[in-house]
Structure formats: C-alpha cells, structure tokens
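Novice: predicted structure and sequence below. I'll ask about it afterward.
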Amino acid sequence: MSKHGKNFTNAIKKIDTDKVYGPKEALELVKEMKFAKFDETVEVHIRTSLDPRQADQQIRDVVVLPKGLGKTVRVLVFAQGEAAAAARAAGADFVAETDDDIARIQGGYTDFDVAVGTMDMMGKVGRLGRVLGPRNLMPNPKAGTVVQPGDIAQAIETAKAGRVEFRLDKSANIHVPLGKVSFSAEDLYVNMSALMNAVRKARPTGAKGAFIRKVTLASTMGPGVKVDVNAALTMETELV
C-alpha cells in the first residue's frame, strides 16, 4: 500500500521518474503537480560529493533572489545609538538595543526570520549562540548579516528583498527555497539561475571534480523532479 495520499499519487503520474529534465520544464512540472490548498514553496535540493567534516569542503554563502520569496521576511536587528535609529527607519521588525532586549531573546524570543547585527554589538550577541545557533539565526559575517553600523539599512533592505542563505548540511546536501508555486515559471527560473550561479561560485577549495551530483526540484507537498545537473549549472540569468 502506498504511503502517499491520492493527490500525491496522481501528481507523480505526470512525470517520468527515470528522466532528468531541463530547469524550465522541471519548474513547469512542479507548478503543474501542485495540489495543496495553500501556496506551496518551491524548493531546490542539491546533492553534493563534498565531505561536511572537512573544513575545506564547506559551503556557506548568501544570494539575493531577484524575484523575491513571496513572503514577508521579519528582520531583527542588533544595533545601538544611531544605527538602531537607522534600523527602525529602514523597516526592522524588532531592534535589540538594550540588555533587556538581549535577555528577551535569551529567554526564547525568536519570532523573526533573519537576524542582522552591527559589529559593535557582536560581543553581546555571542551570548545568544545557544538560542540562535540551532535555528540558523545567528548573525554571521560570511552571510552578510554582520555589518558596519553605517551599512545596517542596506542589510535590512537586502534581507527583506529575497536574501537567502545556503549551506551544506551534515548529509552533504543543500536545500534552498526558490519562491512560491504561484510564481510564474519564468520568475522561478530567474531565482533558480541566481542560486545555481551562486552555488557554482561558492565551490570550496577542497572540492574535487564535479562536486554537484544531483539537483531536484519539488514543492512543499509534491514529488521531486530530477533536473539535468549540467543544465542547472549553466542557466542563463534571463530566459531567451
């Protein structure tokens, strides 16, 4: 007996599970197979040949998806003085400026999607590793979320525009949202192109040969569609 429901079973009939598709066709199939009553997220899953235990085989970077993510991104900012005022003016959803604010987060407040901090606040933010670390919310210079006080407004704008972080997990995979299933296939393609180009450029120094083995697209509830790896890595920014 199938472990999947009728909707999933009907959806998977629309694809050839042994075939690899071009990115555009794969995205169109993901949209065609949608069946949930909510606006599902379209995700790309990348299988690599990297060893996550090796320091020179890590991937952690950010990319701004040109067409956004189709959701409101809640941004918390660690800043003080003029930078805190600039953060509020730039649309930060919560500004942690005082010790009481820090204590609130230490107590478990994590009602936000991205945390950005100024460099002069990172001594205090370091205390929050146990709360923010497991949720991937810890500001990080490599991810562009630790900035100079004068750059805080730009960091908030980038976070809200469609900035996503991608990183290697313990199973040597990368999982990244590309947008909503309600997006046009063209907009999803533009976002996927930006991501794949960023992943290619983030190739770690310890990678050997072709470090990306498999690329799969899927919506939140739908089946996976295999994508031709070479085609995914050579996507053009704009559709011809």
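Specialist: Yep, it's here. Residues are numbered from 1 along each chain as shown.

Novice: so what's residue 60 closest to, chain neighbours aside?
Specialist: Leaving aside its chain neighbours, residue 60 sits nearest to residue 167 (4.3 Å; criterion: C-beta to C-beta, 6 or more residues apart in numbering). For the C-beta atoms, the positions are set from N, CA and C on the backbone; glycine is no exception.

Novice: and what of residue 145?
Specialist: residue 139 (4.2 Å).

Novice: does residue 25 count as helix, strand or coil?
Specialist: Using DSSP: H, G, I helix; E, B strand; the rest coil, the structure places residue 25 in helix.

Novice: next one: it, what pLDDT does it get?
Specialist: Note on residue 25: pLDDT of 96.

Novice: separation between it and residue 7?
Specialist: In this view, residue 25 and residue 7 are 22 Å apart by C-beta to C-beta, to the nearest Å.

Novice: helix, strand, or coil at the residue most central in space within the chain?
Specialist: Centre of the chain computed as the mean C-alpha position; nearest residue by C-alpha atoms, centre = their mean is residue 164, 3.6 Å away. Under three-state DSSP, residue 164 falls in the strand class.

Novice: ok, the residue nearest to residue 145 to residue 177 distance?
Specialist: For residue 139, the distance to residue 177 - C-beta to C-beta - is 20 Å.

Novice: which of the two has more neighbours?
Specialist: residue 139 (25 against 19; other C-beta atoms under 10 Å).

Novice: residues contacting the more buried one?
Specialist: 78, 115-117, 122, 125, 132, 145-146 (C-beta atoms under 8 Å, 6 or more residues apart in numbering).

Novice: do residue 87 as well
Specialist: If you count contacts by C-beta under 8 Å, 6+ apart, residue 87 has them with 77, 79, 95, 116, 152-153, 156.

Novice: what's downstream of the helix or strand in which it is found, the next helix or strand?
Specialist: Residue 87 is part of helix 82-89 when elements are defined by DSSP states H and E. Using DSSP H and E, the helix or strand that follows helix 82-89 towards the C-terminus is strand 94-96.

Novice: isn't residue 138 right next to residue 128, touching?
Specialist: Yes: at 7.3 Å, residue 138 and residue 128 qualify as touching, with contact defined as C-beta atoms under 8 Å.

Novice: give me the domain ranges for the protein.
Specialist: 7-69+164-233, 75-161 (automatic domain parsing).

Novice: show me which residues of the helix ranked longest in the chain are buried.
Specialist: Identified as the longest helix of the chain according to DSSP state H is helix 185-201. Going by neighbour count (16 or more other C-beta atoms under 10 Å), the buried part of helix 185-201 is 185, 187-199.
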